[in-house]
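> Need a 3D model of the sequence below.
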Amino acid sequence: MLSIKIREACFEDAVAIARLSAQLGYPANEIDIQKNLKTIEKTKRGNVFVACEGTTVTGWIYLFQQTELSFGEYMEVMGLVIDEQYRNKGIGAQLIDYTITICKNENIKQLILRSRVTRKEAHRFYKNLGFSEIKEQKVFSFQVEKG
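Next comes the predicted model:
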């Protein structure tokens with residue numbers, strides 16, 4: 001397992017976060033990432049953490065604390081990506097362990113994540129970490145235009 005440091009993301013990480021987001025299939029640019037980091041910071045319920053080997057950002061995880069009407073508070077992994085060059089070196093597991101520690105410290109009993117049905121390798125990764133698959137679903141989007 002590669003030894004990494006995990007820290008809260010900062011605006012200077014925006015280029016690396018954007019590059020990794022593209023690897024995940026969600027192209028973004030530095031300006032949008034900086035804007036989104038500011039918005040996430042304002043909510044006080046979300047955090048982005050980066051994994052670094054030295055000064056190189058090797059991955060990131062975005063967490064958001066939610067409250068569900070039916071079962072209360074939980075933490076959701078809104079995004080997790082490890083640089084293609086650093087995959088299968090334990091970085092993703094370290095980010096998940098870090099997240100579990102946050103949940104324990106904040107007395108959050110459930111950690112949820114969603115993964116596209118086509119990402120079979122990611123599904124094996126999550127199951128190997130102890131996650132249980134609880135449902136398969138479709139996600140719909142409605143594009144709201146300025147009126």
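
> hey, where'd the strands end up in this structure?
Listed in chain order, the strands found in the chain under DSSP state E are 5-8, 46-53, 56-68, 72-82, 111-113.

> Now mean neighbour count, distance to residue 130 and mean pLDDT too, for those strands, in JSON lines please.
The C-beta positions use only the backbone N, C-alpha and C, and glycine is treated the same way. Listed next are the strands of the chain as JSON lines, based on neighbours: other CB atoms under 10 Å; distance: least, CB to CB, whole Å; pLDDT from 0 to 100:
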{"stretch": "strand 5-8", "mean neighbour count": "13", "distance to residue 130": "19", "mean pLDDT": "97"}
{"stretch": "strand 46-53", "mean neighbour count": "19", "distance to residue 130": "20", "mean pLDDT": "97"}
{"stretch": "strand 56-68", "mean neighbour count": "19", "distance to residue 130": "16", "mean pLDDT": "96"}
{"stretch": "strand 72-82", "mean neighbour count": "19", "distance to residue 130": "14", "mean pLDDT": "95"}
{"stretch": "strand 111-113", "mean neighbour count": "16", "distance to residue 130": "10", "mean pLDDT": "95"}
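
> Please name whichever of those is nearest to residue 21.
strand 72-82 (6.8 Å; CB to CB).

> can you state the direction angle for that closest one and strand 46-53?
Our comparison of strand 72-82 with strand 46-53, counting by axes from the mean of the first three to the mean of the last three CA atoms, to 10 degrees, yields an angle of 30 degrees.
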